[in-house]
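Asker: show me how the following folds:
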Amino acid sequence: MRSISSSSELRAWIAIVMATAAIYGYGSFLSRADLFGVDLFRTIGPWTYVGWAAAAFAAAGLLGAANPRLAIDRQATAVIAAVLSWPLFYLLRTNWLNADGNMLTPRFEADVPQMGAHLTHDEMLELFLHSRFWSYTHQWWGWSVVYSYQVVSCAAGVVFAYAIVRLTRRVAPAAPWLFIAGALAGGYMQLFFGDVENYTVTAALVVLYALAACRFLAGEVHLALPAVVLAVAICFHMEAAWLWPSALYLAVISRRRRGDVTEATVSAAAAGAIILATFVYFHFHGLPLVRFFSSHAGHALRMNGVFAIGMPLGYYVEQLNLLVLLCPAVAMGAVLAAWRRFGRDEVTIFLGISAASMLLLQVVWRAQLGILDDWNLYAIGGMLLSLFIWRGIAAAARTPAMRVTASALAATGWLHTYAWIIMNHRHGN
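Answerer: Okay, here's the model as predicted:
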């Protein structure tokens, strides 16, 4: 029975890979519809795609068969990965701006000289950091607002690269390089290729939050560490507050282990103090609290115009396009669930709650700029979903055939994601 089950599961994995490749081929070369989530191969042309695909699938076969795992445990590996990621992020930085990105230059040029920073309550520390960084680099070297944003976004990518490698040995010890390959295959990676928006530092902090949470679940650190990291992420961008269910889960685990809520209370107080101190500081430095009600977060509290209520079916079709762009392996979630490959351990539950929380944001929060133009609003959700799914894949890929199949899925995602990144890099050139 076990061999029959394994054989049927492998066939299901192969079917997902073939279906994913087929839908990309259809969207890129056959469909005349606007399927931005699956049509990006057309940007590199069919023959270039064939060459890339051959190289990618050859690498996937070698990766799946060899399954290297030793070096991933070393601190030096994370440092080297972080250092080497910078030139890649920088050289392929995006030249595409959405409406918000285009408005940053006049806003910074008007507000920074007068008030020291351009600020809103939605993204307090993101805007403060970018404002001060641009102010100094513009005075010293004449940098533009856009270029200064690109540099900071690439630097956030370096932090992400370090954190994801350190996270890997905790969430996918059986197949760490497979997990890394899959996790880096999502369109959310565009954040770190110089994205000119206010989500990149927050995304890097969210990965650090996941790493701190895993360390807490392993009994290595106090609950205050993930609580404080999440609080800082919230101060960078309020979107991170959607992760509160995962923080509540950590508090439940703390109570279960200790038999009281002392650790959870101390951690919540520390996190609350950071958030409160940030609001109070900016209240006296150019962002009075009364302006909170004109922010997106303030509109949400008043249920005013930010939720996707009564949207047409086409809106959700485009959201599905975006989900496939951000997390190409999303269809594997159904297969893993069908074969009960998502474990019931604390790390899996934590990642599942985190991913579900951010997916809820994608469902209920309306894209103000249009779904494709607002892709980065939902990118953190795609990132967490990728981590959750690829943890399941890495744990379930127990045979060479399954690892090769999973590597082929990662290669397919890489082709699609980096075709998009290269297209955005070439934009306007």
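
Asker: would you confirm that residue 150 contacts residue 196?
Answerer: Yes - between residue 150 and residue 196 a contact is recorded at 6.4 Å, counting by CB atoms under 8 Å. For every residue, glycine as well, the C-beta is placed using N, CA and C.

Asker: for these two, indicate the residue with more neighbours.
Answerer: residue 196 (26 against 22; other CB atoms under 10 Å).

Asker: ok, the more buried one - contacts?
Answerer: The contact partners of residue 196, taken as CB atoms under 8 Å, 6 or more residues apart in numbering, are 94, 97, 101, 104, 146, 149-150, 153.

Asker: check residue 362 too.
Answerer: Contacts of residue 362 were listed using CB under 8 Å, 6+ apart, and they are 319, 322-323, 378, 381.

Asker: among those residues, who's most crowded?
Answerer: Within the contacts of residue 362, neighbour counts (other CB under 10 Å) peak at residue 381, which reaches 28 neighbours.

Asker: contacting residues around that residue?
Answerer: Residue 381 touches 326, 355, 358-359, 361-362, counting by CB under 8 Å, 6+ apart.

Asker: now do the end-to-end distance for stretch 214-228.
Answerer: Separation of the first and last residues of stretch 214-228 by CA to CA, to the nearest Å is 14 Å.

Asker: got the buried residues for that stretch?
Answerer: 214-217, 222-228 (16 or more other CB atoms under 10 Å).

Asker: CSV for those residues, including pLDDT?
Answerer: Formatted as CSV, the buried residues of stretch 214-228 follow (pLDDT from 0 to 100):
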residue, pLDDT
214, 97
215, 97
216, 98
217, 97
222, 97
223, 98
224, 98
225, 98
226, 98
227, 98
228, 98
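
Asker: which of those residues fall within helices?
Answerer: 214-217, 224-228 (DSSP state H).

Asker: show me how far stretch 415-428 is from its chain's centre.
Answerer: Here stretch 415-428 is found 17 Å from its chain centre; the criterion is CA atoms, centre = their mean, to the nearest Å.

Asker: dump the C-alpha coordinates for it into PDB.
Answerer: Taking C-alpha atoms only, stretch 415-428 is exported to PDB below (Å, rounded to 0.1, in the frame of the first residue of the first chain):
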ATOM      1  CA  LEU A 415      12.200  30.800 -15.300                       C
ATOM      2  CA  HIS A 416       8.900  32.700 -14.900                       C
ATOM      3  CA  THR A 417      10.000  34.900 -11.900                       C
ATOM      4  CA  TYR A 418      13.300  36.000 -13.300                       C
ATOM      5  CA  ALA A 419      11.800  36.600 -16.800                       C
ATOM      6  CA  TRP A 420       9.600  39.100 -15.000                       C
ATOM      7  CA  ILE A 421      12.500  40.600 -13.100                       C
ATOM      8  CA  ILE A 422      14.600  41.000 -16.200                       C
ATOM      9  CA  MET A 423      11.600  42.500 -18.000                       C
ATOM     10  CA  ASN A 424      11.200  45.100 -15.200                       C
ATOM     11  CA  HIS A 425      15.000  45.800 -15.300                       C
ATOM     12  CA  ARG A 426      14.800  46.500 -19.100                       C
ATOM     13  CA  HIS A 427      11.700  48.700 -18.700                       C
ATOM     14  CA  GLY A 428      12.400  52.100 -20.300                       C
END
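
Asker: give me the low-pLDDT residue ranges for the stretch 51-200 of the chain?
Answerer: 51-71, 73 (pLDDT under 70).

Asker: skipping adjacent residues, who's closest to residue 338 in space?
Answerer: Once flanking residues are discounted, residue 338 sits nearest to residue 12: 7.4 Å by CB to CB, 6 or more residues apart in numbering.

Asker: wait, residue 93 touches residue 425, no?
Answerer: Yes - Residue 93 lies in contact with residue 425 (CB under 8 Å); the separation is 6.6 Å.

Asker: now list whatever residues contact both of the two.
Answerer: In terms of CB under 8 Å, 6+ apart, residue 93 and residue 425 are both contacted by the residues residue 193.

Asker: so for those two, which sits in the more crowded spot?
Answerer: residue 93 (23 against 19).

Asker: and stretch 234-245, what's buried?
Answerer: Quick answer for stretch 234-245 (16+ other CB under 10 Å): 234-243.

Asker: neighbouring contacts of the helix or strand hosting residue 140?
Answerer: Residue 140 is located in helix 124-141, with elements delineated by DSSP states H and E. By CB under 8 Å, 6+ apart, the surrounding residues in contact with helix 124-141 are 104, 108, 111-112, 116-120, 143-145, 148-149, 151-152, 198-199, 201-202, 232, 235-237, 278-279, 282, 287.

Asker: could you point out the helix or strand that follows that helix?
Answerer: By DSSP H and E, the next helix or strand past helix 124-141 is helix 145-171.

Asker: host element of the residue nearest to residue 338?
Answerer: Assignment of secondary structure by DSSP H and E places residue 12 within helix 2-25.

Asker: ok, back up a step: pull the most distant pair out of the contacts of residue 196.
Answerer: 94 and 104 (13.9 Å; CB to CB).

Asker: so for the two, which residue has more residues nearby?
Answerer: Between residue 94 and residue 104, counted using other CB under 10 Å, residue 94 has the larger neighbour count: 25 against 22.

Asker: please report phi then psi for that one.
Answerer: phi -70, psi 150 (degrees, to the nearest 10).

Asker: list the contacts of it.
Answerer: Per CB under 8 Å, 6+ apart, neighbours of residue 94: 150, 190, 193-196, 421, 424-425, 427.

Asker: may I ask which helix or strand encompasses the spatially most central residue of the chain?
Answerer: Centroid check for the chain by CA atoms, centre = their mean gives residue 383 as the closest residue, at 2.8 Å. Using DSSP H and E, residue 383 maps to helix 379-396.
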